[in-house]
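S.K.: dropping a prediction and its sequence here:
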Amino acid sequence: METTAAMGSLSPARAIFSETSTDAADTFSHVASLSSTPPTTLTDGLSTTSESPKQENAIVSDSIDLAVHDHAESTATPPLAQLIESMDAERVAEAIEAVIDAPEAPLAEQTPEPAATPSARARRSRQSMPVYNLSQLSGTAGHGKRRANGDDVSDKKRRTISGDTLVATGDSPKATKNQAKKLGKSPEPPKRATRSSGAEVETLATKISSLGKRSRKTFEQGLSKMSREIRRLQDTNEFAKIDTKPVLYTTWAKGKYVDPKAKEQRASKKAKLAESPKKGAPEKEAAAAAPEAPAPTQRRVKKWLNHGLYSGQSAPLDIMKQLTPNEKKIAAEHPELMPSATVNKVLPMPVFNGIRLLVQGRDFKLPYDICNPLPSGQPKPASWRLMTRNRFVGEAGANWKKNPHFKDYQSKCVCTPEDGCAESCQNRIMLYECDNTNCNAGAAYCQNRAFARLQERVKAGGKYRVGVEVLKTQDRGFGIRTNRCFRPNQIIMEYTGEIITEEECERRMEEKYKDNECYYLMSFDQNMIIDATTGSIARFVNHSCQPNCRMIKWIVSGQPRMALFAGDRPIMTGEELTYDYNFDPFSAKNVQACLCGAPNCRGVLGPKPKEIKPPKPSKEELKKAVKKGVNAGKRKLQELLGGKEDAEGNDAKKRKIKTATGTKAKGLKRTLSNASLKAARSAAKVVKKSVSSISVKTPASGRKIATIKRTSSVVKAYSKTKASRLSVTPKKSASRKSSMTVVAAGNKKTTPSTRTPASAKSAKSTKSAKSAKSAKSAKALASQSADTPRRGPGRPRKHPIGSVTPRKGVDLARTNNQIRLVQSPTLETA
Ligand SMILES: C[S@@+](CC[C@H](N)C(=O)[O-])C[C@H]1O[C@@H](n2cnc3c(N)ncnc32)[C@H](O)[C@@H]1O
């Protein structure tokens, strides 16, 4: 009964709370019966007038919140006696007063900043409040039910320690009365409180005072009876407020357990962050805060690794024991191996296996990365506009069309799918790229489609497919390096730019590029020039006297195109790409020092050195040589035809050759004469005239039966099928240099079948140009050493266009003492 009365005193606050916060309602779930207490008009009014949710309105009553929150906190802490004792009825009353006063103020004013107010804090903490059923904890949960069921529930049974304690808190109903008075309502008539109503009940003191003597006696008896019960319970832990088994309250949110510790940590982190000075705060603040900062902790001492391989094992007593004397000598050069030497404690030597390795040494190469791009932030060349396809400029296009230069291209190769247009492909040898119109093998098998493959590769995109990047060199401006590997002879990139006529080139040199240090002009075809000032990345490839690439001109779909190909060895990731410019610096003034650093560096950016020809033999020497050759031929023939035995003193090799006799010999003789004559005749068609030849005659009649000729590699390559018919083993591969001569140069040395009308015309002027050139270049090169090399060519003068002759190696148009630095597409031979 007392318990009920005490609860009744809490009801107004509870009423406010139940309206303002659902969480709070949860907190009060143990007094579910009190929910029947009508809500105050204030909160109702707020809830109806305010647009904001009810929970916001709760902020209005800060003090109430605080009071009730305190209460809520106290309710969260068992036992019940403690809870009720902790209730401060005065504070509750004050809170109610505050609520009553509140409606006079405008709503906007009443609503403070949620984050800054204590009520907001209180609300947050309430949300995390453990929820439990106090009535159950106090053992009175089933009472209501039992009463409802008509059970006779005696007071004795309902008495609890908490109930007794509540007797002392007699001023709660008073507060309620006060509140009622203030609200202008008459206090409700006292009635027998029930748990379910939660209504106000009279206190024990009033009750006693209002009782009659007899009744009072009976009451006191009951009280003393109660006291005995209490006395009996006095020695319990609960009575003494000792928590032997503290109840662990767990918090769950959204079906998950909420660790209060984690929450505390988070809160403390937040607090720390809030305390720490904000980013970008003025330095003054930081400086002011600095002296308060705790003293720096002691510096960490670096731990050195003082043991390595085989640590913990003792070394052999005599480490030199198994070494050879020579090895011992070398080992003696390593002081750390000497017994007397101080031991290297930082990085001690491996005790067993290192000695032999040290003394013998071993070549090694660090493994390459497959792909290795330059780090970002590399210097970029200024004023370079990329152009990935050749573009005719001015008259160049019209001139190009006039020339029926590439009719030869129409011919089809005779390769089979098995051949796959490999080295013997006629197109390949002529440096014509195969396509669907001129290839017999078919696209699936053809290996002679480098430009098409390159196009596919670049189109697919990605820096490793492109495989090259611009690099800033130390002393040669920009260059090109690889970020992947390339196979030998693999196409790397195309050299593209504007195709211009010579006149246009002259004009540009005089006007546009007169102050330039670098020129990007490449002799191309039909006396035209590729100007890669606006062009592909290939323009950045530098020169080297020992290059790893070649610049080669191919005919692709009837059009000449230039591309950089890997040389005869593979190119590794990170290598700088170079080719031999084959410059012909005519004017000594414009000679540039070559900084390629190759062991065979020519010192200047100049033309390739010509092969040193032996001085021409005198007539007598010639006669002698011819006679010698004839004699040798005779001797060979005699050996073959079974003539006289070799004279004594002939070397052993010759004696080993068996002499053919009888019919076999005759047959052989006949076969040889027929076959060799045939072969010689057919070979003569393709072999250039200048090759050395030996005539073979029969000893008896002196009739010439065959002419043995030494052919050049290009012819051999070109006439591979014929060579195989002659049972002559052809050279392994075609020489690109010679092949290049066939297509790009004057074709002077080519067979009639490969000669083009243009080349035939130009070949006429080669001789005179050559002699003029050799005289001038000799003069220029002689003066090179005297002049200080300077980057960039001199200002060119105009020259007659017709004076330019396609030559093998150097395509250089020049006038008196002037040069046009044009790189030649001539190939470097391996
Ligand atoms: C076609 S550009 C090459 C790209 C050039 N390095 C750049 O930065 O644009 C040719 C010029 O590069 C320089 N160059 C190329 N190879 C060189 C070398 N081995 N030694 C010195 N200079 C070189 C010369 O100035 C030459 O005129």
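M.R.: Structure received. Numbers count the residues shown, from 1 in each chain.
S.K.: for the ligand, what is the nearest residue in the chain?
M.R.: Going by C-beta to the nearest ligand atom, the ligand is nearest to Gly477 of the chain, at 2.5 Å. In short, each C-beta sits where N, CA and C put it, glycine included.
S.K.: what about that residue, neighbour count?
M.R.: Other residues lying near Gly477 total 13 when counted by other C-beta atoms under 10 Å.
S.K.: just the pLDDT at it, thanks.
M.R.: Note for Gly477: predicted pLDDT of 92.
S.K.: before we move on, what about Leu80?
M.R.: pLDDT at Leu80 comes out at 45.
S.K.: how about the residue of the chain closest to the ligand, what does it touch?
M.R.: Gly477 makes contacts with 517-518, 542, as judged by C-beta atoms under 8 Å, 6 or more residues apart in numbering.
S.K.: 10 Å - rerun?
M.R.: The contact partners of Gly477, by C-beta atoms under 10 Å, 6 or more residues apart in numbering, come to 381, 517-518, 540, 542, 791.
S.K.: now it: how far from Lys610?
M.R.: 29 Å (C-beta to C-beta, to the nearest Å).
S.K.: try Glu506
M.R.: 28 Å.
S.K.: which of these two has more neighbours?
M.R.: Shown here are Glu506 and Lys610; by other C-beta under 10 Å, Glu506 has more neighbours (20 against 9).
S.K.: please save the CA atoms from whichever helix or strand the more buried one is part of in PDB.
M.R.: Per DSSP states H and E: Glu506 is located in helix 502-507. Provided in PDB are the C-alpha atoms of helix 502-507 (Å, rounded to 0.1, in the frame of the first residue of the first chain):
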ATOM      1  CA  GLU A 502      61.900  20.000-100.900                       C
ATOM      2  CA  GLU A 503      60.800  23.600-101.700                       C
ATOM      3  CA  GLU A 504      58.500  23.600 -98.700                       C
ATOM      4  CA  CYS A 505      61.300  22.200 -96.600                       C
ATOM      5  CA  GLU A 506      63.600  25.000 -97.700                       C
ATOM      6  CA  ARG A 507      61.000  27.600 -96.900                       C
END
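S.K.: okay, Trp384: pLDDT?
M.R.: 85.
S.K.: residues near it, how many?
M.R.: 17.
S.K.: the one 10 residues further on too?
M.R.: Using other C-beta under 10 Å, Gly394 has 14 other residues around it.
S.K.: secondary structure class for it?
M.R.: Classification of Gly394 by DSSP: H, G, I helix; E, B strand; the rest coil places it in coil.
S.K.: and it, what is it in contact with?
M.R.: So Gly394 contacts 498-501, 503-504, 507 (C-beta under 10 Å, 6+ apart).
S.K.: where does Lys636 fall, secondary structure wise?
M.R.: Using DSSP H and E, Lys636 falls in helix 619-641.
S.K.: circling back to that earlier point, who wins on neighbours among the contacts of Gly477?
M.R.: That'd be Phe540 among the contacts of Gly477, by other C-beta under 10 Å, with 24 neighbours.
S.K.: show me what contacts it?
M.R.: 381, 384, 468-471, 473, 476-481, 518, 520, 532, 577.
S.K.: next one: Ile370
M.R.: 464, 483-485, 573.
S.K.: show me those residues that map onto helices.
M.R.: Tyr464 (DSSP state H).
S.K.: mind giving me the ChimeraX command for buried ones among the contacts of Ile370?
M.R.: This is the ChimeraX syntax for the buried subset of the contacts of Ile370, where burial follows 16 or more other C-beta atoms under 10 Å:
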select :483,484,485,573
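S.K.: TSV for the contacts of Ile370, including distance to the ligand and pLDDT?
M.R.: Formatted as TSV, those follow (distance: C-beta to the nearest ligand atom, whole Å; pLDDT from 0 to 100):
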residue	distance to the ligand	pLDDT
Tyr464	23	89
Asn483	18	91
Arg484	21	91
Cys485	23	91
Thr573	21	90
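S.K.: just to revisit the earlier point, format the contacts of Gly394 as TSV; extra columns: neighbour count.
M.R.: What follows is these, written out as TSV (neighbours: other C-beta atoms under 10 Å):
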residue	neighbour count
Glu498	22
Ile499	24
Ile500	23
Thr501	22
Glu503	13
Glu504	18
Arg507	15
